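Colleague: dropping the sequence and predicted coords here.
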Amino acid sequence: MAKSIYTDKEVFVRELLSNCSDALEKQRFKEMKGESKSSEDLHIEMSTNDKERTFTLFDSGVGMTKQEVVDNLGTIAKSGSKEFMQKLDESNDGDDQDAMGSIIGQFGVGFYSSFIVADKVEVYSKSETSDQGVAWVSDGSGEFTVSDAGNLNFERGTKIVVKLRADCREFS
């Protein structure tokens, strides 16, 4: 699916960073509304490993529960950001326009651009509303696995590990 939508391999970096940015904005909004108990700094980290051929992004945004992972990553063209904006709009008292304007992803397909360059994508996520982290893994064939992640080294957020194909090593 991703290969039919995107032509430039580099687009996956932009799309994944956009998802990270949206997660930070959602967390910032929760904090503004007093709906978050976390005081962790909002940030994005990016790293690469040429030997392992990995491209990794981490954001300390809202993270996802197991059900949110299934709903958002397991359904092509399902946008968690679009759903977030619709909920804001429905409960909007006029104070949320800044949050609505800063959300980027609305179509639910950007994440799948990672399969243009990946042999496998691993997503580890933890929401502050859940005691357990979750792992989502797929090779882009349409199948995926979801499992408990065990010990994650972060309190809240999402880590995406793109295991790059050999011909896409330049991204590591």
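Modeller: Cool, the structure landed. Residues are numbered from 1 along each chain as shown.
Colleague: packing partners of the helix or strand harbouring Asp22?
Modeller: Per DSSP states H and E: Asp22 is located in helix 11-32. Helices and strands touching helix 11-32, by 3 or more CB pairs under 8 Å, 6 or more residues apart in numbering; DSSP states H and E, are strand 44-49, strand 54-59, helix 80-90, helix 97-102, strand 157-164. C-beta coordinates here come from the backbone N, C-alpha and C atoms, glycine included.
Colleague: tell me the average confidence for that helix?
Modeller: Across helix 11-32, pLDDT averages out at 92.
Colleague: from Ser39, how far out is the residue nearest the centre of the chain?
Modeller: What sits nearest the mean C-alpha location of the chain, by CA atoms, centre = their mean, is Asn19, with 4.9 Å. Using CB to CB, to the nearest Å, Asn19 is found at 23 Å from Ser39.
Colleague: burial of the closest residue in space to Thr48 that isn't next to it in sequence, as a residue count?
Modeller: Nearest non-adjacent residue to Thr48, counting by CB to CB, 6 or more residues apart in numbering: Ser172, 4.5 Å away. When neighbours are counted by other CB atoms under 10 Å, Ser172 registers 18.
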